[in-house]
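> would you be able to build a 3D model of this:
(2 chains)
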Amino acid sequence: MIRRFAPVATIIAALVALTIVSGAFRSSLTIGLVGATLRYSTPLVLAGLGSLVAERSGVTNIGLEGLMLTGAFFGIWGADITGSWVGGILVAAVTGALLATVHGIFCIHLQANQGISGVALTVLATGVTSLSFRAIYGSSGTPTVSRIPSISLPLNWVPLIGDQISKLNVLVWAAILAVPIVAMFLEKTPWGTRLSAVGEHPQAAATVGIPVFKYRYSAVIFSGVLAALAGAYLSFGLLGSFSEGMSAGRGFIALAVVIFGGWRAGGVLIAAALFSFTSALGDSLQTNAAVSANLVSLLPYAATLVVLVVANRATAAPSALGKPFARQ
Amino acid sequence: MAERRLVRVGSALALVLAALVVSGFVIVATGHNPFPAFGALARGSGVDWPLQWIPGNPLGVQPLMAKANLIATLVQATPLVFTGLAVSVALQAGLFNIGGTGQMVVGALFGFVITDAITGPFGITVGLLAGALGGAALGAVAGAFKGFRNVNEVISTIMLNYIAVFAIRNLVGIGGALQDVSTAQGTTSELNSHSVLPVLWGNVQGVHVGAVLALLAAGIYKVVINRTPFGFAIRAVGANGSAASYSGISVRRVTVAAFAMAGAFGGLAGAIEIAGVQHRVTENFVASTQIGFVGIAVALLGRSTASGVVFASLLFAALDSGARALSGAFPSDLARPLATVIQGTIILLVGVEAILRRRLERHRVPVVEGAST
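Numbering: from 1, shown residues only, chains lettered A, B, ... in the order given. From the prediction side, this is the model:
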């Protein structure tokens, strides 16, 4: 029982601490940390949850970075040609699903090395998005498009952080809501149980009649859609423009988030919040304490590494992770 | 054996051809004709240089232009051999080293600092060794994390790449400890002319001694992997970790050592690129170099064999230097990403090709001893 409540308790403790710090001191160093942490967390939570589902089914998707770039570029392109952010989101989701299907065909049907396929996906997506960006928009960059809107909620009454959480992007809320939904799906529904069975012991799952390939394809495509949405958030949610290689390693951090999160949805949220808090604190240090921009940029990667080394979570991984399943 | 090698070479060629067909479609999608584009790509890489000696020069090769292009290709191929070997060593041990970039920039920095301090031929030699050591140290970190804490090496090497790149940018960037303040740019000072690798063919940016060192490194790699107990241990761990462990090989130690050797190759790539071509470490080079990343495609296409890595390096260097020469047939600003698309396609196809070969071998009738030629 303690294990189950530990993540929740950690979140609450972290939020309380954060609230006290950001509010009580009211120093320029801590103002806006909660909002910045949420903004940094969103792409990590979205891509991380997708990756979590794929890994639970036994397929590693190292290509998250490429899927994010795909969603970032084709999302903003979709918003440009359809004139609506909804159209952009749809285009991002469809292209993410298509690219993930390629990964699925290689890793599931053809039993290719999942690492090689994932790296190929990232290289390919980097090339295709840069090529398309230069061919379509050239040196003038992406035009002003319909942005993913923010929603205002009457949360100003919340002490200390009310002003930071009352107006947030749709996808920030979507990412937060997705955590309990994915957790419920994985832990409480028969589909979730079967998905885990496929990831733990595909032979046994197949013996009792679970369609292993179908579950794995669905999981990989789901991870593609979510990673693409994470990219869409970066390009026409947060920034309003696309730049080449803009995901800047976030896809890989999302992979680390799943490991550190112990392959659980709540864990993904905690891990993402931790890394994002590091980033947000770094930004604040840069503006307020004149710490070099390069050293600040280094922080989240160093934190990821330290956490991975200290956490040593590999034993919580699905047993059949990364292993192809040969259908008889 | 000879037959198997032939199959290997043939399938690598088929793979490159398939990747070119795919990229042909990409070129069509951007609204250009792929055939003149490929022609310009080939000419830009300088592969037509020997054709000038066909009597009467029927292809109209411009000797000077072709020579300059070929030199550019060879210069670019040199560091790729090292980063390709950096990935290959790890692949032999069943490990995926994505850390070429980090190992390379650390090697570049160490090599520069030592060479700049000592100067002269001795300084270059010690500098290259320092570069190899720096890369090896960074590689060993990833190996130790994998061996002792079971941290996925793909993620740890990528994180180490970012950490190394940002740390070194901080050193050589504006206001950094190693920045040359007289330039007001993010760069170190320049190595003096006695402390750079001698050029063997061409002028200032010509083919330098590093090209010979690259061939030497490929030879050393081949001997170590195929003919030494250490190489055997690496291959044993790569083939089956638990079996290797039962036979008394320390998987942890081999993991760390293999990653250190991989890092040494990566570090040499950086040190040689600085001593042979760049002559200074700029923030821009550290931030944007693709040499480490292309090494992955080089190793995969070259099947982690010494000769395969050398040829794959030449191919990718030719693609890159050819891409820079594109102008009329295909917009030059699209050429670089096109080269990336071709690389990605090749990596993807390498994955498939391995599967096809495995299936083919499963269905092949075993050859009876003595019955075959």
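
> based on its surroundings, how many neighbours for A:Arg250?
Neighbourhood size, A:Arg250 [other Cβ atoms under 10 Å in any protein chain shown]: 25. The C-beta positions use only the backbone N, C-alpha and C, and glycine is treated the same way.

> with A:Pro211 instead?
14.

> from A:Leu195, how far off is it?
According to Cβ to Cβ, to the nearest Å, A:Pro211 stands 11 Å off from A:Leu195.

> I'd guessed A:Ala72 sits against A:Ser132; true?
No. Between A:Ala72 and A:Ser132 there is no contact under Cβ atoms under 8 Å: 11.4 Å.

> and the helices in chain A?
Counting by DSSP state H, chain A has helices at residues A:2-24, A:33-56, A:64-82, A:85-104, A:114-136, A:162-165, A:170-188, A:190-200, A:202-207, A:212-232, A:250-260, A:265-289, A:293-311.

> output the below-cut-off pLDDT ranges for the stretch 1-150 of chain B.
For the stretch 1-150 of chain B, residues meeting the criterion pLDDT under 70 lie at B:1-3.

> closest one to chain B among the helices of chain A?
Nearest to chain B among those is helix A:114-136 (3.1 Å), distances taken as Cβ to the nearest Cβ.

> the closest one: which residues count as buried?
Buried residues in helix A:114-136, counted by 16 or more other Cβ atoms under 10 Å in any protein chain shown: A:114-135.

> and chain B, which of those reach it?
With Cβ under 8 Å from any Cβ of the partner chain as the criterion, these include A:115-117, A:119-128, A:130-131, A:134-135 near chain B.

> which residues of the stretch 151-300 of chain B lie near chain A?
Counting by Cβ under 8 Å from any Cβ, the residues of the stretch 151-300 of chain B near chain A are B:151-152, B:154-156, B:158-160, B:162-163, B:166-167, B:169-170, B:173, B:175, B:293, B:296-297, B:300.

> show me what the biggest helix by length in chain B is packed against.
Criterion DSSP H: the longest helix present in chain B is helix B:332-363. Helices and strands touching helix B:332-363, by 3 or more Cβ pairs under 8 Å, 6 or more residues apart in numbering or on different chains; DSSP states H and E, are helix A:114-136, helix B:2-29, helix B:291-301, helix B:306-325.

> distance to A:Gly78 added to the ones you listed, as a markdown table?
Converted to a markdown table, the helices and strands packed on helix B:332-363 look like this (distance: least, Cβ to Cβ, whole Å):
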| stretch | distance to A:Gly78 |
| --- | --- |
| helix A:114-136 | 12 |
| helix B:2-29 | 17 |
| helix B:291-301 | 28 |
| helix B:306-325 | 29 |
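
> let me know which of these is tucked in deepest.
Comparing the helices and strands packed on helix B:332-363 on average neighbours per residue, with mean count of other Cβ atoms under 10 Å in any protein chain shown, the densest one is helix B:291-301 at a mean of 29.

> please save the CA atoms from that one in CSV.
Extracted in CSV, the C-alpha atoms of helix B:291-301 (Å, rounded to 0.1, in the frame of the first residue of the first chain):
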residue,chain,number,x,y,z
ILE,B,291,30.1,13.9,-37.5
GLY,B,292,29.3,12.0,-34.4
PHE,B,293,25.7,11.2,-35.4
VAL,B,294,26.6,10.2,-39.0
GLY,B,295,28.9,7.7,-37.4
ILE,B,296,25.9,5.6,-36.5
ALA,B,297,24.8,5.3,-40.1
VAL,B,298,28.4,4.6,-41.1
ALA,B,299,28.7,1.7,-38.6
LEU,B,300,25.3,0.2,-39.5
LEU,B,301,25.9,0.4,-43.2
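
> who's in contact with that helix?
If you take Cβ atoms under 8 Å, 6 or more residues apart in numbering or on different chains as the criterion, helix B:291-301 is touched by A:116, A:119, A:123, B:12, B:15-16, B:79-88, B:91, B:98-105, B:161, B:266, B:269, B:273, B:308-309, B:312-313, B:315-316, B:320, B:343, B:346-347, B:350.

> how much space separates the nearest residue to A:Glu200 once chain neighbours are set aside from A:Cys107?
Among residues not flanking A:Glu200 along the chain, A:Ser319 sits closest, at 4.8 Å (Cβ to Cβ, 6 or more residues apart in numbering or on different chains). Distance, A:Ser319 to A:Cys107, by Cβ to Cβ: 17 Å.

> repeat that for B:His279.
In terms of Cβ to Cβ, B:His279 sits 44 Å off from A:Cys107.

> the more surrounded of these two?
A:Cys107 (29 against 20).

> in the chain, which residue is most central in space?
Picked chain A for this. A:Ala47 (2.2 Å; Cα atoms, centre = their mean).

> please refer instead to chain B.
By Cα atoms, centre = their mean, chain B has its centre lying nearest to B:Leu80, at 2.5 Å.

> ok, it touching B:Phe316?
Yes. The pair B:Leu80 / B:Phe316 is scored as a contact, 5.9 Å apart, by Cβ under 8 Å.

> list the contacts of B:Val113.
So B:Val113 contacts B:127, B:130, B:178 (Cβ under 8 Å, 6+ apart).

> oops, could you answer that again for B:Glu353 instead?
Going by Cβ under 8 Å, 6+ apart, B:Glu353 touches B:11, B:15.

> now the strands for the stretch 101-250 of chain B?
B:199-201, B:207-208 (DSSP state E, counting those that start in this stretch).

> tell me the mean pLDDT over the last one?
Spelled out, it's strand B:207-208. Confidence for strand B:207-208, expressed as mean pLDDT, is 93.

> residues making contact with it?
With Cβ under 8 Å, 6+ apart as the criterion, strand B:207-208 contacts B:71, B:74-75, B:78, B:196-201, B:276-277.

> let's have the residues you listed in CSV, adding neighbour count.
Converted to CSV, these look like this (neighbours: other Cβ atoms under 10 Å in any protein chain shown):
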residue, neighbour count
B:Ile71, 20
B:Leu74, 24
B:Val75, 23
B:Thr78, 26
B:Val196, 20
B:Leu197, 26
B:Pro198, 11
B:Val199, 17
B:Leu200, 13
B:Trp201, 13
B:Gly276, 24
B:Val277, 20
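
> need the contact list for B:Pro79.
B:Pro79 neighbours (Cβ under 8 Å, 6+ apart): B:104, B:210, B:214, B:269-270, B:272-273, B:291.

> let's see 6 Å
Residues near B:Pro79 by Cβ atoms under 6 Å, 6 or more residues apart in numbering or on different chains: B:269, B:273, B:291.

> that one looks like it's in a helix, true?
Yes. Counting by DSSP: H, G, I helix; E, B strand; the rest coil, B:Pro79 is found in a helix.

> tell me how far it lies from B:Asp320.
The gap separating B:Pro79 from B:Asp320 is 12 Å, by Cβ to Cβ.

> count of residues packed around A:Gly88?
By other Cβ under 10 Å, 28 other residues sit near A:Gly88.

> so where do the helices sit in chain B?
Along chain B, the segments classed as helices by DSSP H run B:2-29, B:34-45, B:63-92, B:100-118, B:120-149, B:153-172, B:210-227, B:229-239, B:241-246, B:251-273, B:283-288, B:291-301, B:306-325, B:332-363.

> picking that back up, including pLDDT, could the contacts of B:Pro79 go into JSON lines?
Putting the contacts of B:Pro79 into JSON lines (pLDDT from 0 to 100) gives the following:
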{"residue": "B:Ala269", "pLDDT": "97"}
{"residue": "B:Glu273", "pLDDT": "96"}
{"residue": "B:Ile291", "pLDDT": "92"}
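
> mind checking how far the residue nearest to B:Trp49 when sequence neighbours are not counted is from chain A?
Nearest non-adjacent residue to B:Trp49, counting by Cβ to Cβ, 6+ apart: B:Ala66, 4.0 Å away. Distance of B:Ala66 to chain A, given as Cβ to the nearest Cβ, to the nearest Å: 27 Å.
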